[in-house]
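> Here you go, sequence then predicted model.
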Amino acid sequence: MVGAIAFSGKAIIVKLAYRHGVDAVTLIMLRMLFALPFFVIMAWWSSRGKPALTRRDWLGVIGLGFSGYYLASFLDFAGLAYITAGLERLILYLSPTLVVGLGWLLYRRRITRVQALGMFISYVGVLAVFGQEVRLQGSSVVWGVFLVFLSAVSYAIYLVYSGEMVRRLGSLRLVGLATSVACICCILQFVLLRPLSTAFAVAPQVVWLSVLNAVLCTVVPVLLTMMAIERIGSAMVSQTGLIGPLSTVLMGVWLLDEPFTTGIALGTALVIAGIFVFTRAGVHARR
């Protein structure tokens, strides 16, 4: 639960940082720069006594790091400039449905009726919140939703293709290596697109918010989630993660003064209920 809440706080911190005039390229660079040492240590620690990676392994790690952590993170940060933190979290929470959809598209894996029902409910909920935000904030919300949805698709691609790599390398080693690759990609992106002299030419609040984002909302949730999976299993961790979108919505209202109308409340409830039905159907199907 702590990991889910901490990870959900990422969007809140990003929205707070945007108030100080920073752009997405700089903001994600700072987050990944401060997170990189932790992930390098994680990769080293989990690789002790393990066989060295083959060329195929490295290509897989680079591809997964690019898709699952670099591209997904950048699109998410860019989208947050246009939509509320609550809507962002609801869209990202659709990732399990996208994984199943990609499984059906790529491997013709069956989607059960209960899973389809859960998907329908959750997407109706997102559309309800989306409609409320368009009414309150204007058409720019459409672009933000599109970017964040692409972020969710990018992360779903990572989840679909990471299964074999997890079995070969182990989850902690893969996460450490893939996130290290993503950190390097974000830093290189900044070097290519921005003058180096502007790296820390931001408000002091942006730097401290980026440190908080890197440690509390990036590294800590990864470790807590891995520890939780070892103790209670991925299915229970997935169910506990239901608290994530709700905590983001509440923190958005409390810290960002984001609107919370009856329509937004109803849409949020539908998304959480839909994903609950969807994940429970997946658990029963595996049994």
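Sure thing, it's come through. Numbering: from 1, shown residues only.
> Does anything pack onto whichever strand or helix holds residue 12? Which helices or strands?
According to DSSP states H and E, residue 12 maps onto helix 2-18. On a contact count with 3 or more CB pairs under 8 Å, 6 or more residues apart in numbering; DSSP states H and E, helix 2-18 meets helix 24-47, helix 85-92, helix 204-214, helix 220-232, helix 243-256. In this view, the C-beta of every residue, glycine as well, is placed from N, C-alpha and C.
> Which of these sits closest to residue 170?
For residue 170, the closest of these is helix 24-47, at 6.2 Å, according to CB to CB.
> right, and residue 32 touches residue 187 too?
Yes: if you go by CB atoms under 8 Å, residue 32 and residue 187 touch, sitting 6.4 Å apart.
> ok, back up a step: can you dump the C-alpha atoms of the helix holding residue 12 in PDB for me?
The C-alpha atoms that make up helix 2-18 are tabulated as PDB, following Å, rounded to 0.1, in the frame of the first residue of the first chain:
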ATOM      1  CA  VAL A   2       2.800   2.400   0.800                       C
ATOM      2  CA  GLY A   3       4.500   1.600  -2.500                       C
ATOM      3  CA  ALA A   4       1.300   2.200  -4.400                       C
ATOM      4  CA  ILE A   5       0.600   5.500  -2.700                       C
ATOM      5  CA  ALA A   6       4.300   6.700  -3.100                       C
ATOM      6  CA  PHE A   7       4.300   5.800  -6.800                       C
ATOM      7  CA  SER A   8       1.000   7.600  -7.300                       C
ATOM      8  CA  GLY A   9       2.600  10.800  -5.800                       C
ATOM      9  CA  LYS A  10       4.800  11.100  -8.900                       C
ATOM     10  CA  ALA A  11       2.100  12.900 -10.800                       C
ATOM     11  CA  ILE A  12       1.500  15.300  -7.900                       C
ATOM     12  CA  ILE A  13       5.200  16.200  -7.700                       C
ATOM     13  CA  VAL A  14       5.400  16.700 -11.500                       C
ATOM     14  CA  LYS A  15       2.400  19.100 -11.400                       C
ATOM     15  CA  LEU A  16       3.900  21.100  -8.600                       C
ATOM     16  CA  ALA A  17       7.200  21.400 -10.500                       C
ATOM     17  CA  TYR A  18       5.400  22.600 -13.600                       C
END
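> Give the buried residues for that helix.
Neighbour-count burial for helix 2-18, counted by 16 or more other CB atoms under 10 Å, picks out 3-18.
> Mind listing residues that contact it?
Helix 2-18 has contacts (CB atoms under 8 Å, 6 or more residues apart in numbering) with 27, 76-77, 80-81, 84-85, 88-89, 205-206, 209-210, 212-213, 216-218, 220-221, 223-225, 228, 240-241, 243-245, 247-248, 251-252, 255-256.
> With residue 41 as the reference, measure out to residue 173.
12 Å (CB to CB, to the nearest Å).
> Could you check which of these two is surrounded by more residues?
Per other CB atoms under 10 Å, whichever of residue 173 and residue 41 has more neighbours is residue 173, with 22 against 13.
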